[in-house]
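Colleague: Let me see the structure of the following:
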Amino acid sequence: MLLAHAAIGAAQDTSPRAKETYARAIELDAKGNHSAALALLWEAAGLSPRDPEIQNTLGEALDRIGALDAAIAAYRVAVHENPQFRKASNNLILALVKAGKVKAFAITTKARSTLAPTLNFNQFLKKNAH
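Modeller: Residues are numbered from 1 along each chain as shown. Just a heads-up that it's a prediction; the model follows:
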């Protein structure tokens, strides 16, 4: 679950307070206190909104409670900030499918599998995902 994310380095622009808040969220989640963990993930994301690891983990927590639109938004930020973040990209694709956003899923999958080497993935999504 979320524990696996604690080992991954956070973005350089992550504030110390965001790192502490994120670490506490991981601890709470590991103890089964998912609602408190989610609240702290929201706080950490607000403190460092460009941190892909925090955004991906927030997306996973939101996905777990069925808040798919919010999860998709968090995953999109994670992928935008780190296009090589494969787990966030995979999470985004899965959430799009669960949410029934087939066109966005197809575009995301196509961009990742065939166009990524020759086209900026984020620019492609901005132009084609609706």
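Colleague: Check the contact between Leu40 and Leu28; I expect there is one.
Modeller: Yes: between Leu40 and Leu28 there is a contact at 6.6 Å, judged by Cβ atoms under 8 Å. All C-beta spots, glycine's among them, are computed from the backbone N, C-alpha and C.
Colleague: Between the two, tell me which one has more neighbours.
Modeller: Per other Cβ atoms under 10 Å, whichever of Leu40 and Leu28 has more neighbours is Leu40, with 23 against 19.
Colleague: excluding its backbone neighbours, what's nearest the more buried one?
Modeller: Distances taken as Cβ to Cβ, 6 or more residues apart in numbering put Ala25 closest to Leu40, at 3.7 Å, once the chain neighbours are dropped.
Colleague: Surely the one you found is in contact with Ser35?
Modeller: No: when contacts are counted by Cβ under 8 Å, Ala25 is not listed as touching Ser35 (11.0 Å).
Colleague: Which one's more surrounded, those two?
Modeller: A direct count of neighbours by other Cβ under 10 Å for Ala25 and Ser35 places Ala25 higher, at 29 against 11.
Colleague: tell me the contacts of the more buried one?
Modeller: 2, 36-38, 40-41, 44, 57 (Cβ atoms under 8 Å, 6 or more residues apart in numbering).
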